[in-house]
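> take a look and give me a structure for this.
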Amino acid sequence: MADTAFAFRALQAEDAAALTSFLAGLSDTSRRFWHGHADHAGEAAGWIEAIGRYDKLRLVVHHPDRADRLDAVVDLSFSLPADAEPERYASYGIVLDPTRTVRFGPCVADAWHGRGLAGALVPPTWEAVRLLGRDRVVLFGGVHADNHRARRFYRRCGFTEAGTFTTSAGPSVDMVLDLP
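Residues are numbered from 1 along each chain as shown. Just a heads-up that it's a prediction; the model follows:
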């Protein structure tokens, strides 16, 4: 990983085809653990349409000379729907301040699993989060309870498990990180 350079930047309108290919290239397991939508072009179009709108900052990662082939995406959301994370965290005795909290949803291409790319994305992501005035990070929609690899990764990054909840996709774990 140390000898591989990547561009890490905001999603742009011209990334639509690359984002569609990235989403379509995820394995069934990765898709299940992340967003899981079957309409890759539709999801990519929604992300592109939301650029500069709403509460989102979507970041993409690629080799500097391969902007047409994404290696990872990071979804940051700066709003907290009252019926989602705030309600769940309150049930664990944790109050989420919407002016300080960001939801974090990374996804790395299968070819990069276990090779250090996700860990390399953390420092610049936290830098962006801090620049935007936030210092608490929660996982966007939690992490599937059976995604042990991701749970280990998040713990290595300093996240702590706050509690569990169940959706139609099964049991999940909410995790929180307070940035120094």
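> tell me the bridge partners for the residue nearest in space to the middle of the chain.
Centroid-nearest residue in the chain, with CA atoms, centre = their mean: Gly105, separated by 1.4 Å. When assigned by DSSP bridges, Gly105 has beta-bridge partners Asp75.
> ok, it touching Glu85?
No. Using CB atoms under 8 Å, Gly105 and Glu85 do not qualify as a contacting pair, with a distance of 11.7 Å. C-beta: built from backbone N, CA, C; applies to glycine.
> ok, now which ones touch Ala67?
Shown in contact with Ala67 (CB atoms under 8 Å, 6 or more residues apart in numbering): Ala7, Glu14, Asp15, Ala18.
> how far does stretch 75-83 sit from the chain's center?
12 Å (CA atoms, centre = their mean, to the nearest Å).
> same check, this time on stretch 42-52
For stretch 42-52, the separation from the chain centroid amounts to 15 Å (computed by CA atoms, centre = their mean).
> buried sites along it?
Residues of stretch 42-52 classed as buried by neighbour count (16 or more other CB atoms under 10 Å): Glu43, Ala44, Trp47, Ile48.
> CA atoms only: put that stretch into PDB for me.
Output in PDB follows, covering the C-alpha atoms of stretch 42-52 (Å, rounded to 0.1, in the frame of the first residue of the first chain):
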ATOM      1  CA  GLY A  42     -29.800   4.700 -10.700                       C
ATOM      2  CA  GLU A  43     -27.800   4.900  -7.500                       C
ATOM      3  CA  ALA A  44     -24.900   6.500  -9.200                       C
ATOM      4  CA  ALA A  45     -27.200   9.000 -10.900                       C
ATOM      5  CA  GLY A  46     -28.700   9.800  -7.500                       C
ATOM      6  CA  TRP A  47     -25.300  10.500  -6.000                       C
ATOM      7  CA  ILE A  48     -24.300  12.700  -9.000                       C
ATOM      8  CA  GLU A  49     -27.600  14.600  -8.900                       C
ATOM      9  CA  ALA A  50     -27.000  15.300  -5.100                       C
ATOM     10  CA  ILE A  51     -23.600  17.000  -5.700                       C
ATOM     11  CA  GLY A  52     -23.700  20.300  -3.900                       C
END
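> contact partners of it?
With CB under 8 Å, 6+ apart as the test, stretch 42-52 has contacts from 10-13, 15-16, 19-20, 23, 35, 37, 56, 58.
> next SSE downstream of the helix or strand of the chain with the lowest mean pLDDT?
For the chain, using mean pLDDT, DSSP states H and E, the weakest element among its helices and strands is helix 28-33, scoring a mean of 69. Sequence-wise, the next helix or strand beyond helix 28-33 is helix 40-49, with elements assigned using DSSP states H and E.
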